[in-house]
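> Fold the following for me, if possible:
(chains A, B, C and D)
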2 protein chains.
Amino acid sequence: MGVGESAVAETGARLRTRRAILDAAVTALIRNSSATLADIAVEANVGRTTVHRYFPERSDLLGAIGTDFLDKIEQATTRARLEEGSAPEALRRLCQEYFEFGDLFTLTFAMPELATGPEWEQDTDADRAVVALIERGHAQGTVDAGMAPAWVQQVLWSLLFTAWAYVRENSVPKHEALNLCLRSLAKMVSP
Amino acid sequence: MGVGESAVAETGARLRTRRAILDAAVTALIRNSSATLADIAVEANVGRTTVHRYFPERSDLLGAIGTDFLDKIEQATTRARLEEGSAPEALRRLCQEYFEFGDLFTLTFAMPELATGPEWEQDTDADRAVVALIERGHAQGTVDAGMAPAWVQQVLWSLLFTAWAYVRENSVPKHEALNLCLRSLAKMVSP
DNA sequence: CCCTAGTGGAACATCCGTGCTCCATTTCAG
DNA sequence: CTGAAATGGAGCACGGATGTTCCACTAGGG
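As a prediction, the model looks like this:
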């Protein structure tokens, strides 16, 4: 390979394999939070050796899952356009955007170690945007002033987790859980 | 030992040791959900041998934690006297009773395997009492009919989890988190 | 006071996940 | 078609947790 290989974009095949392993890891770890690298390899239809090639140590894989999640959160937050409309409306859009990552929220609750490391220590842009949104709601009187931004944010996350658990355990259609989630959140923040 | 020893009440010392190990296990597992039996023994100020004497296999210990939790839930539910007063008032009492077990809720979220086994499969008396409470609220118009009993129950659990996480991560006094929890729940169920 | 239940510690075999190496095979781009 | 890239599989060493046994010790109840 040429000089500076580490900075060069990876070939298509490598990217695809990497994604497959990452996704398989999430699936396997949700099923059993102490899933083996061998389990993950099977889930990804890949040899265990290949997993080690992409993620030398287990912690590398876990870290990559966390970083990937962080990226998705960031993008979803952008898509929600939190500056537009009333605060409750924006919060509703955010909840809808986050909802599709429900399995990742579930995994993060079960494996707090995923959410460790430098990137998780400091506030992300998404964090700041959400806090700003709640504060805007406070200022405009559309969000209950008694509900602190950090509290609302944490409840949002755990409501998403709850919604997915509700779907799994009660075999309820996803949209129904999402609706309960949206309604519950709206009622909670309403002044 | 005499005939029927297994049915005989254990001596005081044994009961105390058993309790110590159980409590230490919860503490150690909250700190690190993959804590070693050796870690737990240290936390309990007990030899690892002793742990094995009380719980031959690791799964025995985990199972005992789950069963113990189930007992506590049961007792707390009884104390809350769910039949008395309006449904929202009773729900508030229930939340207050459950709140003290916050660490156990946290642990159960992180280790779903604690909540497996026959006792967890079927509905407990506590489950039925809570469902009946919500339904009473529906009938009397004091609880939003759109909030299904199972949903309310699950949200209650996750709000308790959230409240404790909120305390840990934002170094907020417990009573403040409890208040947020109670207010949030009350607003969600209000019609 | 005594003795017995209860305990602590050391030592041991075992199992399992991990990280690594080597080599044969497949795949894909030029 | 050809060679480099990518993969899969077997094998191996290592570490750490587990479960078990044995023995010495201590504390507390009769």
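> ok, and for stretch A:79-92, which residues are buried?
Of the residues in stretch A:79-92, A:Ala80, A:Leu82, A:Ala87, A:Pro88, A:Ala90, A:Leu91, A:Arg92 count as buried by neighbour count, 16 or more other C-beta atoms under 10 Å in any protein chain shown. Where you see a C-beta, it was placed from the backbone N, CA and C, and this is true even at glycine.
> okay, among the residues you listed, which ones form the most distant pair?
Spatially, the most separated pair among these is A:Ala80 and A:Pro88, at 12.8 Å (C-beta to C-beta).
> how far does the lowest-mean-pLDDT helix or strand in chain A sit from the chain's center?
Between all helices and strands in chain A, the lowest mean by mean pLDDT, DSSP states H and E belongs to helix A:118-121, at a mean of 91. Helix A:118-121 has its C-alpha centroid displaced from the chain centroid by 14 Å (C-alpha atoms, centre = their mean, to the nearest Å).
> Can you spell out which helices and strands pack onto it?
helix A:58-79 (3 or more C-beta pairs under 8 Å, 6 or more residues apart in numbering or on different chains; DSSP states H and E).
> what about the helix it packs on and DNA strand C, touching?
Yes: with C-beta under 7 Å from any atom of the strand as the criterion, DNA strand C is reached by helix A:58-79 at A:Arg58, A:Ser59.
> Flag every buried residue along that helix.
Applying a neighbour-count criterion of 16+ other C-beta under 10 Å, one finds A:61-66, A:68-70, A:72-73, A:76-77 buried in helix A:58-79.
> quick one: is the helix or strand that it is followed by near chain B?
Sequence order places helix A:87-99 as the next helix or strand after helix A:58-79, per DSSP states H and E. No: using C-beta under 8 Å from any C-beta of the partner chain, helix A:87-99 never reaches chain B; the gap is at least 13.0 Å.
> could you give the angle of the helix or strand following helix A:87-99 to helix A:87-99?
Following helix A:87-99 in sequence order, the next helix or strand is helix A:102-110 (DSSP H and E). For helix A:102-110 against helix A:87-99, the angle by axes from the mean of the first three to the mean of the last three C-alpha atoms, to 10 degrees is 90 degrees.
> For helix A:102-110, give me every contacting residue.
With C-beta atoms under 8 Å, 6 or more residues apart in numbering or on different chains as the test, helix A:102-110 has contacts from A:26-27, A:29-30, A:33, A:65-66, A:69, A:72, A:98, A:114-115, A:157-158, A:160-161, A:163-165, A:167, B:109-112.
> Render the CA-only coordinates of that helix in CSV, please.
Output of helix A:102-110 as CSV, limited to C-alpha atoms (Å, rounded to 0.1, in the frame of the first residue of the first chain):
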residue,chain,number,x,y,z
GLY,A,102,-34.4,2.0,19.7
ASP,A,103,-32.3,-1.1,19.7
LEU,A,104,-29.2,0.9,20.2
PHE,A,105,-30.8,2.7,23.2
THR,A,106,-31.7,-0.7,24.6
LEU,A,107,-28.1,-1.9,24.2
THR,A,108,-26.7,1.2,25.7
PHE,A,109,-28.8,0.8,28.8
ALA,A,110,-27.7,-2.8,29.1
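> Compute the distance from the centre of it to the centre of its chain.
Distance, centroid of helix A:102-110 to centroid of chain: 7 Å (C-alpha atoms, centre = their mean).
> Likewise for stretch A:117-131?
Using C-alpha atoms, centre = their mean, the offset of stretch A:117-131 from its chain centre is 13 Å.
> Around chain B, which positions in chain A sit nearby?
Residues of chain A lying close to chain B (C-beta under 8 Å from any C-beta) are A:33-34, A:109-112, A:144, A:146-148, A:150-151, A:154-155, A:157-159, A:161-162, A:165-166, A:169-170, A:180, A:183-184, A:187-188, A:190.
> change it to 7 Å
Taking C-beta under 7 Å from any C-beta of the partner chain as the criterion, chain A approaches chain B at residues A:109-110, A:112, A:146, A:150-151, A:154-155, A:158, A:161-162, A:165-166, A:170, A:180, A:183-184, A:187-188.
> Give the buried subset of those as a PyMOL selection command.
To isolate the buried ones among those in PyMOL, judged by 16+ other C-beta under 10 Å, type:
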select buried, chain A and resi 109+110+150+151+154+155+158+161+162+165+166+180+183+184+187+188
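> re the thing from before, out of the buried residues of helix A:58-79, which one sits closest to chain B?
A:Leu62 (12.6 Å; C-beta to the nearest C-beta).
> Quick check: closest non-adjacent residue to the closest one.
Leaving aside its sequence neighbours, A:Leu62 sits nearest to A:Leu114 (C-beta to C-beta, 6 or more residues apart in numbering or on different chains; 5.8 Å).
> Against chain B, how distant is that neighbour?
A:Leu114 sits at a distance of 12 Å from chain B (criterion: C-beta to the nearest C-beta, to the nearest Å).
> tell me the contacts of that residue?
A:Leu62, A:Ile65, A:Gly66, A:Leu107, A:Thr108 (C-beta atoms under 7 Å, 6 or more residues apart in numbering or on different chains).
> Which one of those residues is nearest to DNA strand C?
Closest approach to DNA strand C among those (C-beta to the nearest atom of the strand): A:Leu62, at 9.6 Å.
> related to what we said a few turns ago, of the contacts of A:Leu114, closest to DNA strand D?
When these are compared for distance to DNA strand D (C-beta to the nearest atom of the strand), A:Leu62 wins out at 17.1 Å.
> Show me the domain layout of chain A.
Here the domain parsing of chain A from automatic domain parsing is A:11-56, A:66-189.
> Not counting residues beside it along the chain, what's closest to A:Trp151?
B:Leu180 (5.3 Å).
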